[in-house]
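[1] Build me a model from this:
(2 chains)
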Amino acid sequence: DQQVKQNSPSLSVQEGRISILNCDYTNSMFDYFLWYKKYPAEGPTFLISISSIKDKNEDGRFTVFLNKSAKHLSLHIVPSQPGDSAVYFCAASLYNNNDMRFGAGTRLTVKP
Amino acid sequence: GAVVSQHPSWVICKSGTSVKIECRSLDFQATTMFWYRQFPKQSLMLMATSNEGSKATYEQGVEKDKFLINHASLTLSTLTVTSAHPEDSSFYICSARSSGGHQPQHFGDGTRLSIL
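    Numbering: from 1, shown residues only, chains lettered A, B, ... in the order given. Take a look at the predicted model:
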């Protein structure tokens, strides 16, 4: 039962352009959403989060958008940099964050 | 801040050996710690959740007697893979979070376990 889905396994963008990573979920009870970045042989690093009472959260070059009616969230990175190349996981959790579910990840490649 | 240290990073051992993996929160108190397993090209699969001082809650399909979890303090949790076999070979990652509303989980760097 895959409650969090990232349908694009990979994305390639040019340096300086916008990267848009998408994520869909099925459980309407999820109320906290997160994005993590992962390099090979390392654990995921927390990037940005958003609670269900908001539809946008911004932190520097990273912005997360939440569309609750569509059960969809996205991560925008602008401008994209080569150092952003990594696998990005979206995650969703219930109110107490003890049940967090991950998407399968999207590998982002930013070309110089 | 929010640093989680996981040790060892890589283990190779013979079939039948028990392997212990440590997960420490270095600069915060982790009321809850989580253990995940990741298969190649797949997402993180939650194995169990542990709260300090209480028994771990295991996900369906995860053998409690196989994967022993101890969360003895607010900064340390251990996962012991007992009598490991080649099918237990995987990438194991721990995470930790503090209490208080919505808090992100912070992850260790994972342990690559290879059973010969």
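[2] residues contacting the residue in chain A that chain B sits nearest to?
    Proximity of chain A to chain B (C-beta to the nearest C-beta) peaks at A:Gly43, 3.4 Å away. The C-beta positions use only the backbone N, C-alpha and C, and glycine is treated the same way. A:Gly43 makes contact with B:4, B:6, B:93, B:95, B:107-110, according to C-beta atoms under 8 Å, 6 or more residues apart in numbering or on different chains.
[3] Apply 10 Å and report the result again.
    A:36, B:4, B:6, B:36, B:38, B:44, B:91, B:93-95, B:106-111 (C-beta atoms under 10 Å, 6 or more residues apart in numbering or on different chains).
[4] most surrounded residue in those residues?
    B:Cys94 (31 neighbours; other C-beta atoms under 10 Å in any protein chain shown).
[5] tell me how far the helix or strand of chain A with the lowest mean pLDDT is from the chain's mean position?
    Across the helices and strands of chain A, the lowest-confidence element by mean pLDDT, DSSP states H and E is strand A:100-102, at a mean of 88. Its chain's average C-alpha position is 12 Å from that of strand A:100-102, according to C-alpha atoms, centre = their mean, to the nearest Å.
[6] helices or strands up against that strand?
    strand A:4-5, strand A:32-38, strand A:86-93, strand B:32-38, strand B:44-51 (3 or more C-beta pairs under 10 Å, 6 or more residues apart in numbering or on different chains; DSSP states H and E).
[7] what does that strand contact?
    Taking C-beta under 10 Å, 6+ apart as the rule, strand A:100-102 contacts A:1-6, A:23, A:25-27, A:30, A:32-34, A:36, A:44, A:89-94, B:34, B:36, B:38, B:42-46, B:49, B:95, B:97, B:104-105.
[8] No more questions from me, cheers.
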